[in-house]
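[1] Predicted model and sequence follow; I will ask about them next.
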Amino acid sequence: MSIITLENIKRDYIVGTEIVHALNDVSISIEKNEYVAIMGPSGSGKSTLMNIIGCLDTPTSGDYILRDNLVSTMSDNALAEVRNHEIGFVFQTFNLLARADALHNVELPLIYAGLPSSQRKAMAREALVKVGLEDRMHHKPNELSGGQRQRVAIARALVTNPTIILADEPTGNLDSKTGEDIMNLFADIFRQGNTIILVTHEEYIAEHAARIIRLRDGRIENDSPNSPKFLEK
């Protein structure tokens with residue numbers, strides 16, 4: 001069953017006197033518990049596509065159906081609910097609060113959701129344990145390595161128990177060994193039943209996914225299955 005369906009999506013931007021066609025007639029269907037990598041060079045439209053999937057941007061034309069709901073007809077409150085509960089975001093730059101410890105950073109989506117303090121802290125602790133940071137809960141970002149900061153960001157994405165994890169270049173600021181550790185963590189998250197959509201321009205990172213969608217000039221150039229090594233374990 002498809003959890004995400006994009007039908008003939010176009011996204012145009014006006015830059016000065018020029019119209020930029022960031023996405024041009026993109027149609028994709030993603031099933032529940034799929035692990036998909038979206039690849040492409042700079043300017044291919046992959047970040048625009050991720051922003052539309054994450055309900056952070058709206059298409060110029062075409063339909064986006066998320067869990068049988070036509071996104072274009074959803075209210076702002078309903079979209080905020082989707083972003084806070086249905087989708088967990090992981091960014092290249094971590095996007096952590098510098099003065100807050102790991103526990104508080106992971107709590108943030110739960111604060112926006114209005115949960116009581118004791119429940120927030122319990123859920124945040126559980127999420128940090130899942131990513132192997134139970135001994136770093138009270139460390140601030142400047143007291144953590146790059147890999148540990150990304151684990152905090154992943155815990156924050158997981159804390160609301162979302163169905164979908166969107167990861168935008170999640171290893172872009174990490175060395176190759178730490179990046180591999182983070183990709184192993186994504187494999188564990190996938191095994192637990194999440195749908196993972198990963199945006200990357202690195203071939204060796206995309207190879208961790210079970211399906212690779214390649215974009216070029218705003219169009220799908222190729223969409224094919226892949227056999228990641230972790231599925232053989």
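    Happy to help now that I have it. Numbers count the residues shown, from 1 in each chain.
[2] Pull the contacting residues for the nearest residue to residue 200 once chain neighbours are set aside.
    Distance criterion Cβ to Cβ, 6 or more residues apart in numbering; nearest residue to residue 200, sequence neighbours excluded, is residue 206 at 5.4 Å. (Each C-beta comes from the backbone N, C-alpha and C, glycine too.) Residue 206 is in contact with 37, 39, 198, 200, 212, 226, counting by Cβ atoms under 8 Å, 6 or more residues apart in numbering.
[3] how much space between residue 206 and residue 47?
    Here the criterion is Cβ to Cβ, to the nearest Å. By it, residue 206 lies 15 Å from residue 47.
[4] do the same with residue 113
    26 Å.
[5] Looking at those two, which has the bigger crowd around it?
    residue 47 (17 against 14; other Cβ atoms under 10 Å).
[6] which residues touch that one?
    Counted by Cβ under 8 Å, 6+ apart, residue 47 has contacts 168, 199.
[7] part of a strand, is it?
    No - counting by DSSP: H, G, I helix; E, B strand; the rest coil, residue 47 falls outside a strand, being helix.
[8] residue contacts, the closest residue to residue 147 other than its chain neighbours?
    Distances taken as Cβ to Cβ, 6+ apart place residue 178 nearest to residue 147, at 3.8 Å, with adjacent residues excluded. By Cβ under 8 Å, 6+ apart, the residues touching residue 178 are 145, 146, 147, 150, 171.
[9] Using the three-state scheme, assign residue 135.
    Strictly by three-state DSSP, residue 135 counts as coil.
[10] what's the neighbour count on it?
    9.
[11] distance of it from residue 29?
    From residue 135 to residue 29 the distance is 41 Å (Cβ to Cβ).
[12] now the strands for the chain?
    2-15, 18-31, 35-39, 61-66, 69-70, 87-91, 164-168, 195-200, 211-216, 219-225 (DSSP state E).
[13] Take the top helix by length along the chain, keep the C-alpha atoms, and write them as PDB.
    Ranked by residue count, the top helix of the chain under DSSP state H comes out as helix 176-191. Only the C-alpha atoms of helix 176-191 are listed here, as PDB (Å, rounded to 0.1, in the frame of the first residue of the first chain):
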ATOM      1  CA  SER A 176      33.300   8.400   6.100                       C
ATOM      2  CA  LYS A 177      33.700   6.100   9.200                       C
ATOM      3  CA  THR A 178      31.100   8.200  11.200                       C
ATOM      4  CA  GLY A 179      28.900   8.400   8.100                       C
ATOM      5  CA  GLU A 180      28.900   4.600   7.900                       C
ATOM      6  CA  ASP A 181      27.900   4.300  11.600                       C
ATOM      7  CA  ILE A 182      25.000   6.700  10.900                       C
ATOM      8  CA  MET A 183      23.900   4.700   7.900                       C
ATOM      9  CA  ASN A 184      23.900   1.500  10.000                       C
ATOM     10  CA  LEU A 185      21.600   3.300  12.400                       C
ATOM     11  CA  PHE A 186      19.200   4.100   9.600                       C
ATOM     12  CA  ALA A 187      19.300   0.400   8.600                       C
ATOM     13  CA  ASP A 188      18.200  -0.400  12.200                       C
ATOM     14  CA  ILE A 189      15.400   2.200  12.000                       C
ATOM     15  CA  PHE A 190      14.200   0.700   8.700                       C
ATOM     16  CA  ARG A 191      14.100  -2.800  10.200                       C
END
